[in-house]
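Asker: structure, please.
(one chain, ligands or ions: 1)
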Amino acid sequence: MMTDIASVGPEPSEQDRPVLTTRQGHPVYDNQNQRTVGARGPATLENYHFLEKISHFDRERIPERVVHARGAVAFGHFEATGQWGDEPIERFTRAKLFSTAGKKTDVAIRFSTVIGGRDSSEAARDPRGFAVKFYTEDGNWDLVGNNLAVFFIRDAIKFPDVIHSLKPDPITFRQEPARIFDFMSQTPESMHMLVNLFSPRGIPANYRTMQGFGVNTYKWVNAEGETHLVKYHFQPRAGVKSLTDADAANVQATDLGHASKDLYESIERGEYPQWDLYVQMMSDEEHPELDFDPLDDTKVWPENVFEPKLVGTLTLTSNVSDHHNQNEQIAFGTGVLVDGLDFSDDKMLVGRTFSYSDTQRYRVGPNYLQLPVNSPKGARVATNQRGGQMAYGVDLGEGQNPHVNYEPSITGGLREGQYPTHDEQGPVITGRLTRKRIPLTNDYKQAGERYQLLEQWEKDDLVGNFVTLISQAARPVQERMVWHFLLVDDELGQRVGEGLGITADDVRHLEPLNTQRLSEEELARLSNLG
Ligand code: HEM
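Answerer: Below is the predicted model of the structure:
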C-alpha cells in the first residue's frame, strides 16, 4: 500500500497511539505548553523537553550539496550477465559483482539536477545526476554519472569556474545567461556538452526515462593484472524521453518535483524502473590512431568502433523510508571502487575523487561512512579509525582485541590482507611534471557530429534556445559563440548567427583563443568560415 498521509484509515483510539518521548526516553506529558512561572509568566530555562525539541529543530538542515542539491533516491539490485557481450567477463575484470550470470548486488541510486538548490525545479535545463552505489561483497562501488555522455571541461581545476558560471550571480542571485556564455565562449571544450544540453536532451522528461553515463574513463583489471579502458552506459528500458522548453514551462508551473513524484509513485505501484548496463572497452595504451584522446571526458567513443556490450540490468524496487537519512546523507564518490575496477589517468577523475569525500566530510561529517545508507552491506568493516564527531559504532573486526587500535601488532590487532592477485597493473607511465593541456583537443568535430544526428525539431529547439540565451550576453561573447558554432557546424553557426544578427564576415577576424591550439584541419575550416 502506498505510504501516503491521505490513505491512513479511521482515527485510531487514544490508547492505540504510541506515547511521545524525548530522545532520552522520557515520556512527554505536555507537548503544547512550555513550563512558565504562572500561566502567563516568563518561561523557565531548565525545561529539558522544550530545549531538546527546539535546539534539534534549529539543527535540522545540513548544508545542501554544493552541486546536485535536489535529488531522488531509490533502492534495488543489479543483476549481472556474467558476460561482456558474448565473452566471459572474467577475461577483462575480476570484479566479483560482474562475475556470474544471475548474480544480484543491492544498489542505492540517486538521480539529481545539478545547479538548483534542494527545493528547485526538476524541469530545469540542467544535466541530471545518475549516481549508483553497489553494495558488493568486496565493499561499496560508486558509479557517479550523468544523463549526458560528456562534460563541459576536461581538467578538474576548472570545475569551480564552470559551476560558478552556471550558478546564480553572486549579487542578483539569478542564473544569468550572460555569465554562462561569457565562460563557455572562452572554453572551447564545452561545445560538445552545450550542443547536448541546449537540445531537448537537456531537460529529461523524468528520471525513469533518461540514460546514465559514467562519462569519465575507468579501467577494468583481470586476474592477471591486465587492464582495459572502459566507459559505462545505462540505457532505460522505458526509452529516452525529453521535454522542450515549452513542455518544461507547463510542468513546472504546477509542480517543482514532478520527477521525484514520478519515480516514487511508479515504484509504489510496483512498476519497477529498469536500465541495462553496457560497457565500451579499448586497450589500455595510447591510441594515436584516434582523432580524440580516450581520457578526455568531452568526447564519446564512437559506438561503431567500440561497441557497447551488455553486462547486466539494474532494477529499482523500493523507495526511501526517510528523505534526510537516505537522500540528504547518502554520499557517493568516484574513489569508491572495488577490486577489479580502477581509475584511469583522466584529469577530471582524479580531481573528482578528491572532491567528493572532501565535501562529504564537511557536509555530512567525518563519520559519514558509519551511516547505514553509506556503509557496506555485504562486506566486513574492520578499521582502526576511532572517534570524531558523531562516532556511532566501533569498527572492530571479529576477535579483534579492543585495546589494539593500531597496526602492526602481535596482540590481537588487525592485519593486512593479501592482494587478491597482482599488486602491479597497467602500463608503465613516464613523464616530466608539467602543466599542459592534452595534445589532442579536437573540440569541434564531435559537437558537429552530434548536431548532425539531431532530428530537425531538435535542431530547431537547440538553435532557438541558443539564440534566446546568448542574445542576453555581451556582443563580443555573442560573436565568439557564433565563431565557435561555425567551427562546430556551418549550419549551426549560420542559424545561431542569423538569430543574433551576426554573419561569418563579422567574426572572421577573430583569432583562436590563446588557451587553444587548432589542428591543421580546424585551421583550414577557420580560413573558410561560413
Ligand atoms: C556531486 C564535484 C564532475 C556527477 C558532486 C559534489 C561535488 C562534485 C563536490 C557534491 C557531492 C556531495 O555533496 O555529496 C565534482 C568535481 C567534478 C565533477 C570536482 C569535476 C572535476 C562531475 C561529472 C559528473 C558528476 C563529470 C558526471 C559524470 C555528479 C553527481 C553528483 C555529483 C551525479 C551527485 C551525487 C549524489 O547524488 O549525491 N560533484 N563533480 N560530477 N557529481 Fe560531480
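
Asker: quick one: residue 505 is in a helix?
Answerer: Yes - with DSSP: H, G, I helix; E, B strand; the rest coil as the criterion, residue 505 is part of a helix.

Asker: contacts only, for it.
Answerer: residue 530 (C-beta atoms under 8 Å, 6 or more residues apart in numbering). No exception for glycine: its C-beta is placed from N, CA and C like everyone else's.

Asker: centre-most residue in this structure?
Answerer: What sits nearest the mean C-alpha location of the chain, by C-alpha atoms, centre = their mean, is residue 129, with 3.8 Å.

Asker: tell me the SS of the closest residue to the ligand within the stretch 201-350 of the chain?
Answerer: Distances between the stretch 201-350 of the chain and the ligand by C-beta to the nearest ligand atom are smallest at residue 215, namely 3.4 Å. Three-state call for residue 215 (three-state DSSP): coil.

Asker: now do the one 4 residues further on
Answerer: When the structure is reduced to helix, strand and coil (three-state DSSP), residue 219 reads as strand.

Asker: close to the ligand: what parts of the stretch 201-350 of the chain are there?
Answerer: 215, 297, 330, 331, 332, 348 (C-beta under 6 Å from any ligand atom).

Asker: between the residues you listed, which is nearest residue 106?
Answerer: residue 330 (13.6 Å; C-beta to C-beta).

Asker: for the nearest residue to the closest one once chain neighbours are set aside, what are its contacts?
Answerer: Sequence neighbours aside, residue 373 is the residue nearest to residue 330 in space, at 4.9 Å (criterion: C-beta to C-beta, 6 or more residues apart in numbering). By C-beta under 8 Å, 6+ apart, the residues touching residue 373 are 108, 325, 326, 329, 330.

Asker: neighbour-wise, which of the residues you listed leads?
Answerer: residue 108 (25 neighbours; other C-beta atoms under 10 Å).

Asker: low pLDDT regions in the chain?
Answerer: Residue ranges of the chain with pLDDT under 70: 1-5, 422.

Asker: that older thread, which ones among the contacts of residue 373 lie within strands?
Answerer: residue 108 (DSSP state E).

Asker: please, which helix or strand holds whichever residue of the chain sits closest to the ligand?
Answerer: Residue of the chain nearest the ligand, by C-beta to the nearest ligand atom: residue 129 (2.7 Å). In the assignment (DSSP states H and E), residue 129 maps to strand 128-136.

Asker: before we move on, what about residue 25?
Answerer: Applying DSSP H and E, one finds residue 25 in no helix or strand.

Asker: what about it, how many neighbours?
Answerer: With other C-beta under 10 Å as criterion, residue 25 counts 6.

Asker: please report phi then psi for it.
Answerer: Phi and psi for residue 25, reported as degrees, to the nearest 10, are phi 90, psi 10.

Asker: give me the distance between the two termini of stretch 202-219.
Answerer: Stretch 202-219 has an end-to-end distance of 28 Å (criterion: C-alpha to C-alpha, to the nearest Å).

Asker: oops, could you answer that again for stretch 65-73 instead?
Answerer: First-to-last residue span, stretch 65-73, C-alpha to C-alpha: 14 Å.

Asker: same thing with stretch 408-415?
Answerer: 7 Å.

Asker: just stretch 503-522 next, same as before
Answerer: 19 Å.

Asker: could you do stretch 288-306 as well?
Answerer: End to end - C-alpha to C-alpha - stretch 288-306 spans 16 Å.

Asker: likewise stretch 292-312?
Answerer: Stretch 292-312: ends 28 Å apart by C-alpha to C-alpha.

Asker: now that stretch: buried residues?
Answerer: Residues of stretch 292-312 classed as buried: 292-301, 306, 308-309, 311-312 (neighbour count, 16 or more other C-beta atoms under 10 Å).

Asker: just these now: which is nearest residue 465?
Answerer: After measuring those against residue 465 - C-beta to C-beta - the closest member comes out as residue 298, at 19.9 Å.

Asker: next, count neighbours for the nearest residue to that closest one once chain neighbours are set aside.
Answerer: In this structure, residue 298 finds its nearest non-sequential neighbour in residue 189, 4.6 Å apart by C-beta to C-beta, 6+ apart. Taking other C-beta under 10 Å as the criterion, the count of residues near residue 189 is 27.

Asker: one more: residue 286?
Answerer: Neighbours of residue 286 (other C-beta under 10 Å): 11.

Asker: so it sits in a helix?
Answerer: No - Residue 286 is assigned coil when assessed by three-state DSSP, not a helix.

Asker: so residue 164: helix, strand or coil?
Answerer: Going by three-state DSSP: residue 164 is helix.

Asker: correction: the previous question concerned residue 480.
Answerer: Per three-state DSSP, residue 480 ends up helix.

Asker: hang on, it packs against residue 511?
Answerer: No - under the contact definition of C-beta atoms under 8 Å, residue 480 does not touch residue 511, with a separation of 10.7 Å.

Asker: if you count what's nearby, which of these two comes out ahead?
Answerer: Neighbours were counted for residue 480 and for residue 511 using other C-beta under 10 Å; residue 480 has more, 22 against 7.

Asker: re earlier: quick one: which of the residues of the stretch 201-350 of the chain next to the ligand is nearest to residue 362?
Answerer: Residue 362 has its nearest neighbour among these in residue 331, at 11.2 Å by C-beta to C-beta.

Asker: spell out which parts of this structure neighbour the ligand.
Answerer: Going by C-beta under 6 Å from any ligand atom, the residues of the chain near the ligand are 65-68, 71, 110, 112, 129, 131, 144-146, 151, 156, 159, 215, 297, 330-332, 348, 351-352, 355-356, 359-360, 363.

Asker: helices - which of those residues land there?
Answerer: Within the residues of the chain next to the ligand, residues falling in helices by DSSP state H are 159, 348, 351, 352, 355, 356, 359, 360, 363.

Asker: select from the residues you listed the one having the most neighbours.
Answerer: residue 348 (23 neighbours).

Asker: my guess is that one meets residue 152, correct?
Answerer: No - counting by C-beta under 8 Å, residue 348 sits too far from residue 152 to count as a contact (10.1 Å).

Asker: which residues are common contacts for these two?
Answerer: Common neighbours of residue 348 and residue 152 (C-beta under 8 Å, 6+ apart) do not exist.

Asker: please name every helix or strand in contact with the strand holding residue 129.
Answerer: Strand 128-136 sits against strand 71-80, strand 104-113, strand 139-146, strand 212-213, with contacts defined as 3 or more C-beta pairs under 8 Å, 6 or more residues apart in numbering; DSSP states H and E.

Asker: redo that, cut-off 6 Å
Answerer: On a contact count with 3 or more C-beta pairs under 6 Å, 6 or more residues apart in numbering; DSSP states H and E, strand 128-136 meets strand 104-113, strand 139-146.

Asker: great, nothing more from me.
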